[in-house]
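1. turn this into a model:
(one chain, ligands or ions: 1)
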Amino acid sequence: MGSKGSGSGAKTGEGRDLRVGVIGAGVMGSNHARVLAGLPDVTLVGIVDPLPEHRARATEMVGCRAFAELDELLAEGVDAATIAAPTHLHHEIALICIARKIHILVEKPVASTVQEGRDIVDAARRAAVTLMVGHVERFNPAVAAIKQALSGEDILSIGITRVGPFPPRMSNVGVVIDLAVHDIDLIRYFTESDIVEVQPQLSSAVAEREDIALLQFRTASGVLAHINTNWLTPFKARNVTVATRGKYVMGDLLTRQVTECFGFKPDGSYSMRHLPVGHDEPLRAELIAFLDAVRTGNSPAVSGDEGVASLEIAIRCLESPARPAASTARKGPRRIAG
Ligand SMILES: NC(=O)c1ccc[n+]([C@@H]2O[C@H](COP(=O)([O-])OP(=O)(O)OC[C@H]3O[C@@H](n4cnc5c(N)ncnc54)[C@H](O)[C@@H]3O)[C@@H](O)[C@H]2O)c1
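-> Prediction:
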């Protein structure tokens, strides 16, 4: 698996509040600001967004200051920033922050291209600033319970389903970059191995970009994994199953129920138990982990290298073009939810 990446090594903010800014006041950025405003030993300096209505919404929701320009936020003095602007701006914004020695958490996917992602990683390493990537699903307590259940197990296969209706606002990416990248990261996280083979099947049933993806993988450690993702399901579902030599683990990442089957007997019988799952808000746990890495200089929970590795696999999946889902004759209108 790619290197964990190093932390900054330097301690920041010892004995005082960390001054943190948020870049982008959209759906994710507003949530970052909401969570940061409630964390102890943190001063939320403000949020930046070029859109006045998004600034107004964030100010009303969180009660923090809002700025139209990144420079205005940085002029206030910040130790760390979270970047929740559109993905195509991550590279530019990250490099500006790194040049000012500001530690950054970059929302997933880390960048639009692998090269841009690598540029961010290299710049952060040279400047010795903490770079973490916002693969928030790692902080889902159900994922933590699955990871714990897999400890010491010989993993054989992983299946992940992440489906739902079309997002209310269509972005310029399809389901692979928007959704499957979460699960590519989870497969790498569970197996602690790199993905070495990719067999994607993509289809664009309604949208211009792929809206159905069936992705198959093999890891360097020999695990077979698949992701089933689409925007054609009327309800959200996020399910993980993992077969190991000794167990079968099933997790629902939405209801946060995790169950394992174990003690397989020659007669086909086995035992089953529900596993304890925590209640933390994943975004809160993620931001605490980021700020902890900033304070201590230790490696962050999700390194820049890991973010780039998951992006690289997602982009490899897109190398085979999406085909129409059905013949033109069968392709009728489908109501787009949201
Ligand atoms: N971790 C997750 O589960 C998750 C979920 C959704 C989105 N994301 C990621 O978060 C990022 C933002 O997604 P979103 O859904 O919040 O999008 P969004 O469109 O709701 O928000 C983006 C915001 O950035 C603002 N913006 C545009 N240019 C800017 C600039 N130069 N400086 C500062 N702000 C600028 C926009 O006005 C908008 O308010 C994307 O990278 C996306 O992939 C992650």
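2. can we go C-alpha only for contacts and neighbour counts from here?
-> OK.
3. tell me the contacts of the closest residue to residue 317 other than its chain neighbours?
-> In space, and not counting its chain neighbours, residue 317 is closest to residue 200: 5.4 Å by C-alpha to C-alpha, 6 or more residues apart in numbering. Residues in contact with residue 200 (C-alpha atoms under 8 Å, 6 or more residues apart in numbering) are 213, 214, 215, 216, 317, 318, 320.
4. recalculate using a threshold of 7 Å.
-> Residue 200 is in contact with 214, 215, 216, 317, counting by C-alpha atoms under 7 Å, 6 or more residues apart in numbering.
5. in strands, which of those fall?
-> 214, 215, 216 (DSSP state E).
6. surely the last one and residue 226 touch.
-> Translated: residue 216. Yes: if you go by C-alpha atoms under 7 Å, residue 216 and residue 226 touch, sitting 4.4 Å apart.
7. the more surrounded of those two?
-> Legend: neighbour count by other C-alpha atoms under 10 Å for residue 216 and residue 226, higher for residue 226 (21 against 18).
8. what secondary structure does the more buried one sit in?
-> Residue 226 falls in the strand class when you classify it by DSSP: H, G, I helix; E, B strand; the rest coil.
9. who does it bridge with?
-> residue 159, residue 216 (DSSP bridges).
10. which residues does it contact?
-> 158, 159, 160, 215, 216, 217.
11. closest one of those residues to the ligand?
-> Set against the ligand, the nearest of the contacts of residue 226 by C-alpha to the nearest ligand atom is residue 160 (15.8 Å).
12. what about the closest one, how many residues close to it?
-> Neighbours of residue 160 (other C-alpha under 10 Å): 25.
13. distance of it from residue 296?
-> 34 Å (C-alpha to C-alpha, to the nearest Å).
14. same thing with residue 85?
-> Counting by C-alpha to C-alpha, the gap from residue 85 to residue 296 is 26 Å.
15. next: residue 319.
-> 40 Å.
16. who has more neighbours, those two?
-> residue 296 (17 against 10).
17. which residue lies farthest from the center of this protein?
-> Here the centre of the chain is the reference, and by C-alpha atoms, centre = their mean the most remote residue is residue 267, at 41.4 Å.
18. what helix or strand is that residue located in?
-> Assessed by DSSP states H and E, residue 267 sits outside every helix and strand.
19. check the one 5 residues further on too.
-> Taking DSSP H and E as the criterion, residue 272 maps to strand 271-274.
20. partner strands of that strand, parallel or antiparallel?
-> Under the rule (DSSP bridges), strand 271-274 has strand 257-262 (antiparallel) as partners.
21. what's the strand it pairs with in contact with?
-> Residues contacting strand 257-262 (C-alpha under 7 Å, 6+ apart): 142, 146, 246-252, 270-275.
22. tell me the buried residues in that strand?
-> 257, 258, 259, 260, 261, 262 (16 or more other C-alpha atoms under 10 Å).
23. what about residue 63, how many residues nearby?
-> 15.
24. one step back: quick one: which of the contacts of residue 200 is most hemmed in?
-> Busiest of the contacts of residue 200 [other C-alpha under 10 Å] is residue 317, holding 25 neighbours.
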